Structures are given as C-alpha cells and as structure tokens.
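Undergrad: Here is my input; please provide its structure:
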Amino acid sequence: MDYRMEHRERQQFIAMVKAFPNEIINDDSDHSIPDFWGECYGENRIEPMKRLRAEGKRDLYGLCSPAENGETHFNYGIGVVLDEDTDSAMAEQLLKEGCSIWETKPADYAVFQCFGSDGDCIAETWSKFFKEFVPQTGYEQTDDTDYEIYFERGEKGLFCELWVPVKKV
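TA: The predicted structure is shown next:
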C-alpha cells in the first residue's frame, strides 16, 4: 500500500459543516456525504468558498471529525484553508452566511492517494488502511480530524488525497 508520512502543525479552515449519524461511517452504501457535496454545489456554496483563495491555491478539503464515544453524530465539513493567502473580508461574509471555522491540532498523518473517477476509491482506501496499513505498520488512527484534499490542479486520475491522523502503537 503506497503512502507517505506528513506532519502538520495547527491548521484552520473555513467550512460548511453538517452533522451526520455515526452509523453511516461503515456503511459503503450510504451516500449522505456525497449528497452533501451535491447540495453545496447545487446551492452555489462551493464557488464562493474557492474564490477566497488565489487561483492555483483553491484546493477543497473534506474534513471529518472523529466519532466521539457517547455521541450519536460526527461533523463533516467542506472547506478551504484559512491562512494569510485567504481573502479575510470575503471569509467574514461567509462566516455571517453560516460557514464555520474548523481547527485541527498538530498531528502526524499517513497520506494516501485515491485514484478513480468517484468516491468509491476513498472507501477502498479506508478498507486498505484498516486491513493492510494498520496491521503492517504498527500505526493506529488517532482521534483527530481526518480529511480529503481535492486539488484544484491535481495529478491525472487522482480523485483526492486521504490524510489520516496516526500514531505509532
């Protein structure tokens, strides 16, 4: 299984966030998250978010909070990085329109490239993560945000990169 390890310091994103029931996490037939993407595109909420960033830096992130013990839902967000290259005035407007700030803590990530034409490649990568990566490497997933990066200018055939926070066991 091809992967690379990356460390990221604290990051901030501006995102459209929605809560989803925990049961959908392991249900490959559930389309709630792809439907959320479709809803955001349909309501023209993605393009204004991308315009917060300069051309060439308009990567989209699919942010997923960990499923907490005792909680029935987890949060999923669609957003962009919030940093010095983000138009702060436009970001303030999107916050007033219902977007949220999503912050991640410093973490080590196992990064996997997902090649394919749709989100099925993400589910396949998650399956390989648990069946191959975890048993073979001695790493386990941590309770931090995992995310996908959908590159504005990605490699041909690359659907996204999956960033999974991990620690050595």
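
Undergrad: C-alpha from now on. contacts and neighbour counts both.
TA: Fine.

Undergrad: and the helix or strand of the chain with the lowest mean pLDDT, how far from the chain's centre?
TA: One helix or strand of the chain scores below all others by mean pLDDT, DSSP states H and E: helix 120-128, with a mean of 93. Mean C-alpha position of helix 120-128 versus that of the full chain (CA atoms, centre = their mean, to the nearest Å) differs by 14 Å.

Undergrad: by contact count, what packs against that helix?
TA: strand 107-115 (3 or more CA pairs under 8 Å, 6 or more residues apart in numbering; DSSP states H and E).

Undergrad: now the strand it packs on: mean pLDDT?
TA: Average pLDDT, strand 107-115: 97.

Undergrad: What does Lys18 show for phi and psi?
TA: phi -140, psi 140 (degrees, to the nearest 10).

Undergrad: neighbouring strands for the helix or strand harbouring Lys167, and are they parallel or not?
TA: Using DSSP states H and E, Lys167 sits in strand 158-168. Paired strands of strand 158-168, with direction, are strand 107-115 (antiparallel), strand 139-141 (antiparallel), strand 146-150 (antiparallel) (DSSP bridges).

Undergrad: which outside residues touch the shortest one?
TA: Looking back up the chat, that one is strand 139-141. Defining contact as CA atoms under 8 Å, 6 or more residues apart in numbering, one finds that strand 139-141 is touched by Phe133, Val134, Val164, Pro165, Val166, Lys167, Lys168, Val169.

Undergrad: which residues pair with the third one across the strands?
TA: In this entry, Val164 is beta-bridged to Ala110, by DSSP bridges.

Undergrad: May I have the residues that are in contact with Gly126?
TA: Rather than Gly, residue 126 is Trp. No contacts exist for Trp126 under CA under 8 Å, 6+ apart.

Undergrad: run the last query once more with 10 Å
TA: Asn26, Phe112, Cys114, Glu132, Phe133, Leu162, Val164 (CA atoms under 10 Å, 6 or more residues apart in numbering).

Undergrad: Kindly report the same for Ile33.
TA: Counting by CA under 10 Å, 6+ apart, Ile33 has contacts Lys18, Ala19, Phe20, Ile24, Ile25, Glu39, Gly62, Tyr76, Gly77, Ile78, Gly119.

Undergrad: quick one: it is in a helix?
TA: Yes - assessed by DSSP: H, G, I helix; E, B strand; the rest coil, Ile33 belongs to a helix.

Undergrad: Okay, it and Pro48: tell me how far apart.
TA: Counting by CA to CA, to the nearest Å, the gap from Ile33 to Pro48 is 20 Å.
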